[in-house]
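**Q** What would the 3D arrangement of this be:
(chains A and B)
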Amino acid sequence: MKMKTIKTCVTALISALLVLSPVAYADKWSDQFPHIKATGDIPGECSYESMSKKNYKGKTLKINTHAVPVMGEPTALHAEQFAKLTGAKVDVTHTPAGDLYAKAMVPFQAGQAPYDIVFGFSNFINDWKRYLEPVPKKYVEMKQMQDVTPSHIGIASWDGVMYQFPVDGDRHYLKYRKDVIDNPKYQKKYKADTGKELRVPQTWKEYGEMAAYFNGWDWDGDGEKEYGSAEVMKKDDLMYAAFYSRSAAYSKNPKTPGGFFFDLKTMKPLINNPGFVEALTDWVAATKYVPPGGINFGLGDEIGSFGGGQTLFSFSWDDAFVAAMQPDSPINNKVGAAQLPGAMKVWNRTTNSWDEGFNQAPFFVWGWAVGVAKKSKEKEMAFDYLCFFANEANHQADIGIGRFGVNPFRNDDFKADVWTQIGWDKDIAQSYVDTLAQMEESKNRVFPLRVPGTFEFNAALATAAAKALAGQLSPQAALDEAAKQWEDILNRVGKDNVRKAYSVGVAMEDNKL
Amino acid sequence: MNFKHKYVFLFPGLFVLIGILIFPIIFTIRLSLSGWNSYTPEMNFIGITNYIRLFTDDPRFWESFFRLSFLSVTTVILQYIIGFALALIVWREIKFKRFFRVIFLIPMMTTPVIMTVIWRTFFHESLGPVNDLLGNLGVEPILWLSDPVIAKFTVIIVEVWQWTPFMFLLLLAGLLSLPKEPFLAAAIDGASPFRKFVYVTFPLMAPISIGAIIIRLIEASKIMDTVFVLTSGGPGTATETSSFYIYIKGLREFQMGYAATLSFTYLVIMIISLTIIAKVLTKLMIKE
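**A** All right, here's what the predicted structure looks like:
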């Protein structure tokens, strides 16, 4: 009898362990590093197990990364883990986003390497590539890298050479309040008041109409006013990326390949054509349905505003969506994801007229990127760190934390199970991965501008757009000013230099790479 | 006696002067004649191309310069008036004089960047306490940071709050060092407090006032941290100042050569304008 009881207990214990094993792994690594408690160590070339066999005792790795938390926090966390595993000393410097470029460029140009690893944005690649060590073949060919989507391999590479180690994947997409858009009560009310359907906005015009309707009243019953949309509108705080997202549907015409920002043949800037002007006109109208002060929202404000339940819509990187889906969020499991809205017309620069009909163009906006300095004396350790940073266990843990800024870029990330395991509702997880997958599959994509002097082009555009948003200039006058500045920059940099670099991005947009 | 070796003692000071003042200026001038940027990282020679661009094709710099002039003159005038008033209050025999002297100095002792972050939080249009308080009184949210006109005044409020104590300190030191005899004479003549201020205190304080105003003007003309943190020059370019614009060109867009041109031109303009201002103030405030 006693024996039978023991056997039953043992069987129950084993069954419980088997049932619970997908929820929490208790391997020796997750005991030491609770960050990976959900998965435990996952075998691979750069796993915890593999790294523990390396010995970098007595060596120092110097990293320049972004301020905490976005990318700065995971950099520091993985640095600490890497140091424990390998015995290396890792010095992490945190730098504000706006200074990342210069902080690396000044020593690069002076022929120095104060940092072995430099974090920045993927659109720095053209200016930085001559100072970066190409990612060695053994890392490019490893299993972990084989899972990276072709779009993100393309973004990290130049002319087939990988200069940036993929640690993040970025694109802009639409986020909306599911509890409002899918709510039958509001659908009925909206129909009665406007005669239109309340649905996930298909066009920017619909987006504007719905945002204006749900602006300035308490539609979620929390006693506070809510607003239509939270957007990155602050000059010099990535707002140019938001403008390109709004412009893509009006200006990226699949019938006219050969450039979104410039006409590749003539290198004439296209940013003041009627497509872009229409987008800026919409955006100026949007200043009426953002929260008070929304015209000064940077990325952090946008994440806080939408993630905190203040607005109906938002569009930008994944961070706001992931933040909204975290268990402590007031709108946990109340949000939905969809592709950026489209437009019912798109500018045709060949015929110089509008092509009528629905058009949609995902924007693969730049994301976080990281490279190893060519002059670094610790290249092997540096690449090992980056490989460890992006190993499967770390990656799966990182993408579930909104403030980390690590977003999907691997095929495995586009499986709903990855997200339901961290508490997302199944339909939300499915809509999220479907949105990302549809963007990958689209044949009408826009990629970021990656040419010499990228910063100058984007800054000129941002200044002009900011003047329009502030009412200092009309949309047409603002974009004419930007186009004129782009011509000046082209003349300074050299049209052929820019054309050569731009042709790589255009080939990606035209599905030739 | 041979005193030639005495010049040796000048060398340490001379080297420091060359290292921290002369060399940077010469290097900036040379840099301003180059096209150093992110794609041409070299000290090439392009003559006065950058200067031609500045004087013929860069209205944004001049707009930022005039905006800077407005902001610095306004803030310094306000700081002078408030600082003088506070100094006069604690100069008299009042209760808790020492306490008030310390209290008035606190803003200056705080770190400007951190305080500006706090001010930005206060003035946040939808999440900040200022609009929340006004909302309780039935006032619609004020666009402290996103209206082109109001944003300028927000910058002024923060600057005045931060730097009035500096003016207060200089003027209080000046008041405490004034001779007592003119005030005794005025008292014997039965002068009212107002006449005492107009005919005795203010004229006696004129040299100190000019010094304080010029020091603050020099500092105010470099305004960067407040704008950087509070508005980033926005909305649009509504609060962009010269130093912030130079920072954008140099360290954001990496147009080093052109940023050097802007810096050197700005330096020359500031030296000339501040010299003129000092002379004008001396003429207006100090009567022989």
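
**Q** For whichever residue of the stretch 151-300 of chain A sits closest to chain B, grab the count of nearby residues.
**A** Residue nearest to chain B within the stretch 151-300 of chain A: A:Gly293 (2.7 Å; Cβ to the nearest Cβ). Any C-beta I mention is one placed from the backbone N, CA and C, and that applies to glycine too. Residues within reach of A:Gly293, counting by other Cβ atoms under 10 Å in any protein chain shown, total 26.

**Q** So it versus A:Asp319, what's the distance?
**A** 20 Å (Cβ to Cβ, to the nearest Å).

**Q** for B:Ala185, same thing?
**A** Distance from B:Ala185 to A:Asp319, by Cβ to Cβ: 72 Å.

**Q** Next, the nearest residue to the residue of the stretch 151-300 of chain A closest to chain B once chain neighbours are set aside: secondary structure please.
**A** Once flanking residues are discounted, A:Gly293 sits nearest to B:Glu125: 2.7 Å by Cβ to Cβ, 6 or more residues apart in numbering or on different chains. Taken by DSSP: H, G, I helix; E, B strand; the rest coil, the conformation at B:Glu125 corresponds to coil.

**Q** Before we go further, A:Trp347 is sitting in a strand, right?
**A** Yes. When three-state DSSP is applied, A:Trp347 is found to be in a strand.

**Q** Which phi and psi values does the residue of the stretch 151-300 of chain A closest to chain B adopt?
**A** phi 80, psi 0 (degrees, to the nearest 10).

**Q** again with A:Arg177
**A** Dihedral angles (degrees, to the nearest 10) for A:Arg177: phi -80, psi 110.

**Q** how close does it sit to A:Val335?
**A** The gap separating A:Arg177 from A:Val335 is 6 Å, by Cβ to Cβ.

**Q** okay, these two: which has more neighbours?
**A** A direct count of neighbours by other Cβ under 10 Å for A:Arg177 and A:Val335 places A:Val335 higher, at 28 against 24.

**Q** Please, where are all the helices along the stretch 151-288 of chain B?
**A** B:181-188, B:193-196, B:202-220, B:225-230, B:242-247, B:256-285 (DSSP state H, counting those that start in this stretch).

**Q** got a markdown table for those helices, with mean neighbour count and mean pLDDT too?
**A** Shown next, in a markdown table, are these (neighbours: other Cβ atoms under 10 Å in any protein chain shown; pLDDT from 0 to 100):
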| stretch | mean neighbour count | mean pLDDT |
| --- | --- | --- |
| helix B:181-188 | 12 | 93 |
| helix B:193-196 | 12 | 92 |
| helix B:202-220 | 18 | 94 |
| helix B:225-230 | 22 | 92 |
| helix B:242-247 | 23 | 95 |
| helix B:256-285 | 16 | 94 |
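
**Q** out of those, nearest to A:Ala323?
**A** Closest approach to A:Ala323 among the helices of the stretch 151-288 of chain B (Cβ to Cβ): helix B:225-230, 23.3 Å.

**Q** Any part of that closest one near chain A?
**A** No. Helix B:225-230 lies apart from chain A when judged by Cβ under 8 Å from any Cβ of the partner chain; the minimum separation is 9.2 Å.

**Q** so what's the residue of the stretch 51-200 of chain B found nearest chain A up against?
**A** Going by Cβ to the nearest Cβ, chain A is nearest to B:Glu125 of the stretch 51-200 of chain B, at 2.7 Å. Going by Cβ atoms under 8 Å, 6 or more residues apart in numbering or on different chains, B:Glu125 touches A:Pro291, A:Pro292, A:Gly293, A:Gly294, A:Asn296, B:Asn131, B:Pro141, B:Ile142, B:Leu143, B:Trp144, B:Leu145, B:Ser146.

**Q** State the distance from the fifth one to A:Tyr227.
**A** Which is A:Asn296. The value you get for A:Asn296 to A:Tyr227, if Cβ to Cβ is used, is 14 Å.

**Q** who's more crowded, these two?
**A** A:Asn296 (29 against 23).

**Q** Please look at that one and A:Lys234 and confirm they touch.
**A** Yes. Shown here, A:Asn296 and A:Lys234 form a contact pair, counting by Cβ atoms under 8 Å, at 5.1 Å.
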